[in-house]
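**Q** I'd like to go over a predicted model; first the sequence, then the structure.
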Amino acid sequence: MKIAISGKGGVGKTSISAALARLFEKDGFNVYMLDADPDANLGLALGLEEESLSGFKALVEMKELIKERVGGEGGLFTLNPKVDDIIEGFSLRTGRIRLLKMGNVKKAATACYCPENSFLNAVVRALVLEKEDVVIMDMSAGIEHLTRGTAQGVDLMLILSEPTIASMRTARISASLARDLGLRRIYLVGNKVRDERERALIEKEAGEIEVLGFIPYDDSIFGSPLTSPKEDGGFWGAVRGIYERIRGICKS
């Protein structure tokens, strides 16, 4: 099962990605997480120690490794470098979850012919097309790390939005770009929803995007690592409902 999570900056992609990962983990899945957000806070959300994260390099910053695998001398490099061992050797682990940090790509949503992007795309393909279990991609504010090649392996794109016009506009643009890449299972989740008025705004502005559910505003989760799901309502209850719908969709 491969899930890409997108949306405008600040809508809560990292928190929802971490929460979904913990729910999959609780049900016995191995989870591979790709932190594709330039802020790269997914490790903290998962409860990893700052000491281990401080020395955790983004894949795109590993210049010598990229040169070794991709080449690039004289403008020539391979578009399909070997990267299987990268997934095991250059990730951080917490429980059944493995985290890889992508770093910034240089060109949005296209097959950019530069060594760094060739390397990143190969890592994404290795996970998205070859690995079993669950892959969750915490995207930047857009879908820069998806190309036509990697998108073919994504089972579902989850677009998060706050109940604002600007956030919903970004959601519609992301959905349109994802469709252009060939994705068909594209769903919207309204996050930080306080009341029925905000819920109605999201439903109205969603357009053709199917709304998968709503997550209430809950300031108790901000700044706190999401290490284990809680058996209550509120944030965890709403995320659990989304999680169950995702599993049902991906089985169909």
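**A** Nice, I can see it. Numbers count the residues shown, from 1 in each chain.

**Q** show me where pLDDT drops low in the stretch 1-150 of the chain?
**A** Counting by pLDDT under 70, the ranges of the stretch 1-150 of the chain that qualify are 38, 72-81, 104-117, 149.

**Q** please enumerate the strands of it.
**A** Taking DSSP state E, counting those that start in this stretch to define them, one finds strands in the stretch 1-150 of the chain at 2-7, 31-35, 92-94, 97-101, 134-138.

**Q** partners of the shortest one, with directions?
**A** In other words, strand 92-94. According to DSSP bridges, the neighbouring strands of strand 92-94, each with its direction, are strand 97-101 (antiparallel).

**Q** taking their axis directions, the lengthiest helix in the chain and strand 2-7 sit at what angle?
**A** Counting by DSSP state H, the longest helix found in the chain is helix 234-251. Following axes from the mean of the first three to the mean of the last three C-alpha atoms, to 10 degrees, one obtains 130 degrees for the angle between helix 234-251 and strand 2-7.

**Q** can you give me the buried ones in helix 234-251?
**A** The neighbour-count criterion (16 or more other C-beta atoms under 10 Å) identifies Phe235, Trp236, Ala238, Val239, Arg240, Ile242, Tyr243, Ile246, Arg247 as the buried residues of helix 234-251. The way it works is simple: take the backbone N, C-alpha and C, and place the C-beta from them, glycine included.

**Q** tell me the two of these that are most distant?
**A** Phe235 and Arg247 (18.8 Å; C-beta to C-beta).

**Q** now for the residue nearest to Asp218 when sequence neighbours are not counted: which residues touch it?
**A** Excluding its sequence neighbours, the residue lying closest to Asp218 (C-beta to C-beta, 6 or more residues apart in numbering) is Phe235, at 4.1 Å. With contacts defined as C-beta atoms under 8 Å, 6 or more residues apart in numbering, Phe235 is in contact with Ala19, Ile215, Pro216, Asp218, Ser220, Ile221.

**Q** does the fourth one touch Gly234 like I think?
**A** Yes. Under the criterion of C-beta atoms under 8 Å, Asp218 is in contact with Gly234, at a separation of 5.3 Å.

**Q** looking at the buried residues of helix 234-251, spot the one nearest Ala40.
**A** Taking the buried residues of helix 234-251 together and measuring to Ala40 by C-beta to C-beta, the closest member is Val239, at 21.6 Å.

**Q** what ranges do the helices span in the stretch 1-150 of the chain?
**A** Under the criterion DSSP state H, counting those that start in this stretch, the stretch 1-150 of the chain contains helices at 13-26, 42-45, 50-54, 63-70, 84-89, 115-125, 148-151.
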